[in-house]
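> Next come a sequence and a model predicted from it.
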Amino acid sequence: MLWPVMWQRLGKSYSPQFELVPLALLFLAFYLAITAYPSLPDRIPSHFNLGGLPDQWGGKAGIYTFPVVGTAVYLMVTAITVAFSIAKDPKSLMNLPRKAKDAITPAQAEELRTFVTRSMMVLKCLVLGMSAYGTYGTIQVATGKAASLGTEFNLFFAGIMLVVAYMLWRTLRLMFSAGKQPRP
């Protein structure tokens, strides 16, 4: 039967109970938007510049932008992570040149699978944390309690960029070391 095998593969590198964190952040973003909606003015910030200052305004239904985008990211990243976790051969999902892919040993492929799935979980948490904070910040700016999103929003963005850079560095390092014998 396929399900037990799938769950066994999934559990090796990706623990489903960790989904509670991003789900809680997604719930928080929607909760903030839903509870604040009645008290929002008709015009709220719909876009912010790099300094966190609003530079475009729109209708108050825009408060759902961060939660809806967060939901799309959550579903996409979860699907990719699950697919990578349960793939019989993780190399089949790697977008690498054939020569580099062939040089990766099964142990290296498993190491990469575990690293990628765990990194994707960190990315998902950062993106959904950014979504929840973006919703909160939009409410604060719209109601006049703050002038900008503040530096916290940029910290989420910086965290995302750092994780992506680390993932790229580690993947390239593995790719260029594939097929080489470890040094004694």
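Received it, and whenever you're ready, just let me know what you need. Numbering: from 1, shown residues only.

> Tell me which stretches of this protein form strands.
Listed in chain order, the strands of the chain (DSSP state E) span residues 43-48, 54-59.

> wait, which of these is closest to residue 99?
Relative to residue 99, the nearest member of the strands of the chain by CB to CB is strand 43-48, separated by 44.1 Å. Every C-beta, even on glycine, is put in place using the N, C-alpha and C of the backbone.

> same for that closest one, what does it pack against?
strand 54-59, helix 106-142 (3 or more CB pairs under 8 Å, 6 or more residues apart in numbering; DSSP states H and E).

> Of those, which shows the lowest average pLDDT?
Across those, helix 106-142 has the smallest mean pLDDT, namely a mean of 92.

> what about the chain, any weak spots by pLDDT?
1-10, 13-14, 175, 178-184 (pLDDT under 70).

> so how far is stretch 71-84 from its chain's centroid?
Distance, stretch centre to chain centre, for stretch 71-84: 9 Å (CA atoms, centre = their mean, to the nearest Å).

> quick one: contacts of it?
Under the criterion CB atoms under 8 Å, 6 or more residues apart in numbering, residues 10, 14, 19, 22-23, 26, 90, 93, 113, 116-117, 120-121, 123-124, 127-128, 131 lie in contact with stretch 71-84.

> No more questions from me, cheers.
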